Structure formats: structure tokens, C-alpha cells
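> the following comprises the amino acid sequence and a computationally predicted model.
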Amino acid sequence: MKNIAIIGAGMTGLSLAYNLQEHNITIFDKSWRPGGRVSTRKHDNYFFDHGAHYLSTNHSVFQLNEVISKYNLGQEIEIDFATDYLKNKKTRKKIIIGQNGMNSIPKSIFDNIKVKSYLNSKIIKISKNSNDLFSLFSEQEEFKDFDYILICIPYLQSKELSKELIDFTQIVGEPSYDPIHTVMLSYKDNNNKIKIKAGLNLHKDISFFMNQNIKFNELSNDCWVLNMSSEYTKNNIDIDKTELEKYAQSIFEEIFDIKNEISFIKSHRWLYAQTKLSYNTISKKNWINSKDNKIFLSGDWVLGKSLSDAWDAGEKLSHYIKILSV
Ligand SMILES: Cc1cc2nc3c(=O)[nH]c(=O)nc-3n(C[C@H](O)[C@H](O)[C@H](O)COP(=O)(O)OP(=O)(O)OC[C@H]3O[C@@H](n4cnc5c(N)ncnc54)[C@H](O)[C@@H]3O)c2cc1C
């Protein structure tokens, strides 16, 4: 049994923890909750999945489906979906959503695997000791004696954290991300009169929109999440939040002819939202490792842009760690 530290309790870190349960696992996350970009925001009586919206039904990561059904974490629904709103293309689409918001998927996995964990613990340094074991440091504490360190956070942050221990001049090419500004908004008494529940290309500056009432039955107001396009986000990366929210609201109300009073609006900036170019596309490799095979970097950025890619990346790395640790 090895002492393994996993930094990041998003889908990649949870996949590793799930697959390496025979070892002594400790998982760290800087946030107060697991799930990372699979995030559900709750404000009073409003609920928004403002990170990942759904799991596609046609992904090919068999184990993720197995875990979702084993712990009863998801439900399949069918919705009216605009495959391209601007071109008036629509379809009926099947998707998988969390039983209680998307974050309930990683949260329940985290609760079920019962590994040692430190939330609210941002890891800021890793060091190798004379006995070839590793220490991790948060602002407050040192965590000692790890055989392996598995870093499952966005690529640039992993690189910064491990640059003393991995020779990045040997790494061929770098993966890249698109940033996304999201806007969450809600209307009183709109009674869900908008028939189309989600879709792509609502407007040149809004790449995705999704109704939240189809996910949260208890919502009394009409709640929506809008993803600004990555192009718009890049060009307006530091835009004032109120200006962003007003702009998104005005587009949304004009398109759907909404006259009701807005009852809630907030936005969130995802700087590393979705993988644009994956590491596997550049290098054909499934992780980055230190020369001594003790420190590993993984994440959705290895394979693609979805939460199933994140799970797959963790699962693939776990097979290798199992081989190394026998
Ligand atoms: C707006 C948006 C919409 C999306 N829509 C979809 C969708 O509809 N369907 C889909 O399949 N995917 C979607 N995705 C992508 C999906 O959310 C990600 O691919 C997936 O969640 C990535 O998981 P991960 O574990 O690799 O990374 P993350 O989820 O980013 O997890 C990394 C974790 O590491 C923690 N962390 C970071 N630094 C440190 C540190 N120094 N110390 C400790 N902890 C640290 C973070 O708090 C975080 O919990 C969307 C993403 C965004 C942002």
C-alpha cells in the first residue's frame, strides 16, 4: 500500500481516488467542496449549474456510467435542444443530469469513496525529502510522507506547482483552454413559456444557454444559465460584472421577448473553462510525469473538454499507478 496525495477533487482527482482505493489516499482541494468545474450555485431559492451543464449520453467512458448507476447519481432526460439557434436547427436531445444538480455527481462520489480529505486546502508547494518521500504545503500546514503525488488541476497551475520537480523543457507542446464568462439569471412568473430548453449559438456572443427548471423541480422562478462565447470572453476578460450581466440580460430578453421583471442575476468567470487543444492531441500521451515517476499531472486537458474526458484521464493514469506500485 502506497501513500498517495491527490491534489484537486474535480472529476479527474475523484476518478483517481475511486480507482486507487486499495492505497492510502489523501485528497486535497482549495475549495470548500469537491467537484471543481462541475459546480451548482445555490442562492436563496435559486439553483444554477453554472459549470458543466450535463453529461452527454454518447460518451464512451464506460466506468463513469457504471459509477453513476452504482450510486444512483444521474437521470436521463430528453429536452428540446437548439443544435444551432441562429440557424434555427433544433432536435430532441437526451442528456444525463445529476439527481440534485450537477455537483451532486462529484459530491456523492466523494462521499462514497470515503478517502482522507482536506478541503479548503490550497497546495502551494511540493518538496522531495532525503528519504525520497514528498511533502505538500498549504499556507498553514505541511503534509508529509507521500510516495506519489497526483496533480489534477488546470494545466498552467499544475505546471507552476511542479516546475521544481518536472523538467518542462522536455514536454512537447502545451495544452490550451478557452475562458468562459457565465451569467445566471432568473425571472418571476415567466412560467417557462420558452419552449426550447437549451442550445448552442443563441447569439454571436452567447454560445450556450440552458434552463434550470428542468433540473430543479423545486424552483418557483424561471432560471437560466448563459455561457458567453469564448471569443467574447477573451475580448472582454476583465469586463465589469454589472456591465457583463446587463449585456447578457438585454440579449436574452430581446431574443425571447421577455417583459417580466428580473429577480436575480449574477455572473462567474471561468478562466480555464474548457480544453481547446488537448495534451494527447499534441503528444499522444495520457499524462505528464517527473523523471523519477513519482509526480504525475492529469486533468481533462489531457484528453478533451468534458467531464467524461476528466474521468477517463484519471482512470487511465490509475492503471499506470497500479502497475508502478506493485
Ligand atoms: C462553464 C463550463 C461549462 C461546461 N460544460 C460542460 C458540459 O456541459 N458537459 C461536460 O461534460 N463538461 C462541461 N464542462 C467541462 C467540465 O466541467 C470539465 O471538463 C471537468 O469538470 C474538469 O474536471 P477536472 O477534475 O479535470 O478539473 P477541475 O474540475 O477544474 O478540478 C480541479 C480541482 O482542483 C482544485 N485546485 C486547483 N488548484 C488547487 C491547488 N493548488 N490545491 C488544491 N486544490 C486545487 C480546484 O478547486 C478544483 O476542485 C464545462 C466547464 C465549464 C467551466
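Yep, it's here.

> tell me if stretch 151-170 is near the ligand.
Yes. Using C-beta under 6 Å from any ligand atom, we find that stretch 151-170 touches the ligand at 152, 153, 154, 157, 161. C-betas here are computed from N, CA, C, even on glycine.

> of these, which belong to helices?
Among those, DSSP state H puts 157, 161 in helices.

> among the residues of stretch 151-170 next to the ligand, which ones are buried?
With burial judged by 16 or more other C-beta atoms under 10 Å, the buried subset of the residues of stretch 151-170 next to the ligand is 152, 153, 154, 157, 161.

> now do the contacts for the first one.
Meaning residue 152. Listed by C-beta atoms under 8 Å, 6 or more residues apart in numbering, the contact partners of residue 152 are 6, 7, 8, 10, 12, 13, 16, 158, 298, 299, 314.

> tell me the one of the residues you listed nearest residue 269?
Lowest distance from residue 269 to those (C-beta to C-beta) belongs to residue 10, with 17.3 Å.

> contacting residues around the closest one?
By C-beta under 8 Å, 6+ apart, the neighbours of residue 10 are 34, 35, 36, 37, 38, 106, 152, 153, 299, 300, 310.

> neighbour-wise, which one of these leads?
residue 310 (33 neighbours; other C-beta atoms under 10 Å).

> do the helix or strand hosting that residue and the ligand meet?
Per DSSP states H and E: residue 310 is located in helix 307-324. Yes. Counting by C-beta under 6 Å from any ligand atom, the ligand is contacted by helix 307-324 at 307, 308, 310.

> sorry, back to before: so which of the contacts of residue 152 sit within strands?
Among the contacts of residue 152, DSSP state E puts 6, 7 in strands.

> okay if I get the contacts of residue 152 as JSON lines plus pLDDT?
Listed next are the contacts of residue 152 as JSON lines, based on pLDDT from 0 to 100:
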{"residue": "6", "pLDDT": "98"}
{"residue": "7", "pLDDT": "98"}
{"residue": "8", "pLDDT": "98"}
{"residue": "10", "pLDDT": "98"}
{"residue": "12", "pLDDT": "98"}
{"residue": "13", "pLDDT": "98"}
{"residue": "16", "pLDDT": "98"}
{"residue": "158", "pLDDT": "97"}
{"residue": "298", "pLDDT": "98"}
{"residue": "299", "pLDDT": "98"}
{"residue": "314", "pLDDT": "98"}
